[in-house]
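Visitor: No sequence on hand, only this structure:
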């Protein structure tokens, strides 16, 4: 009725008396007289109990509840997740209630479909648009605790990853970079778990910074790369698709990255990076380009000036 003949939606439709009576009968029979299922009653009870609880749920109780959550139908899981999310972001929600929701949310999130996760991301983006800063902060906190940052809206992820790339590059160039780099790389991974999670708008910038950090500073100490950062950088590099690999190869010949490739220590790291890229590449031509570089690492820094390499990479890199 709302979508077809309601005054709030411009239309030329009208509703007759008999049609209205038919809809009324449907409402009475299928809604007003409908008895909630046992699962729905348990969910309602769970929500009421968690809202009224004055202490943090103990581990044994939490284990029993999470075991029951696994048996719920998808619609019930989705409704419960959305309900608890709404309570979590409410400015009136006290700390103990938030803590209890935080304990249940990861399990619900794991058993929910992606469309509901993206819906939550869209709701959070709405808080940003409406300048609801308190709800926005709580919503981002919720996504962080369920490891769901990649479900934020595309504009939000682009801004976040651009900022993190800037902060990571600044840390790399600053004092005690071994210590300060990993937290930013970890944050980047919280937004990127598959290749499709890396927005194309920020991919070139992000790849350049990751390569600079992974190639390191060319020092003998720890081979110039943060020990805690190495597995994080390798994981991000391993997320790239063929387009990302093309960006990575082209990035090797940007001035600030290319300068590292003449350093023997950085050349050792280049071998590792190229090995990771070859392992995930699909295009045979991309693999051939990587093999070309691996075959002569000492001269890889100047490969972009060699006609054979330029011809080999011409389909996916525009050389200037």
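Guide: Done, it's in. Source: prediction; values computed, not measured.
Visitor: Next, find the distance separating residue 18 from residue 94.
Guide: Taking CB to CB, to the nearest Å as the measure, residue 18 and residue 94 are separated by 52 Å. To be clear about C-beta, it is placed using only N, CA and C from the backbone, and glycine gets the same treatment.
Visitor: which one of those two has more residues nearby?
Guide: Regarding residue 18 and residue 94, a neighbour count based on other CB atoms under 10 Å identifies residue 94 as having more, with 10 against 7.
Visitor: any idea which helix or strand carries the residue lying closest to residue 317 once chain neighbours are set aside?
Guide: Nearest in space to residue 317, with sequence neighbours left out and distances taken as CB to CB, 6 or more residues apart in numbering, is residue 250 at 4.8 Å. Remark: residue 250 resides in helix 242-251, with elements defined by DSSP states H and E.
Visitor: got the contact list for that helix?
Guide: If you take CB atoms under 8 Å, 6 or more residues apart in numbering as the criterion, helix 242-251 is touched by 195, 198, 200, 203-204, 207-208, 211, 237, 240, 257, 273, 277, 280-283, 286, 289-290, 293, 313, 316-317.
Visitor: Would you indicate which residues of whichever helix or strand comes after it are buried?
Guide: Stepping forward along the backbone from helix 242-251, the first helix or strand reached (DSSP H and E) is helix 255-258. Of the residues in helix 255-258, those with enough neighbours to count as buried (16 or more other CB atoms under 10 Å) are residue 257.
Visitor: Quick one: distance of helix 255-258 to the chain centre.
Guide: Centre-to-centre, helix 255-258 and its host chain are 29 Å apart (CA atoms, centre = their mean, to the nearest Å).
Visitor: Name the next helix or strand downstream of that helix, please.
Guide: Per DSSP H and E, the helix or strand that comes after helix 255-258 is helix 264-280.
Visitor: buried residues in that next one?
Guide: Neighbour counts over helix 264-280 (16+ other CB under 10 Å) mark 265-270, 272-274, 276-278, 280 as buried.
Visitor: which helices and strands does the host helix or strand of residue 138 pack with?
Guide: Under the criterion DSSP H and E, the helix or strand holding residue 138 is helix 133-145. Using 3 or more CB pairs under 8 Å, 6 or more residues apart in numbering; DSSP states H and E as the contact test, the elements touching helix 133-145 are helix 74-89, helix 95-110, helix 114-129.
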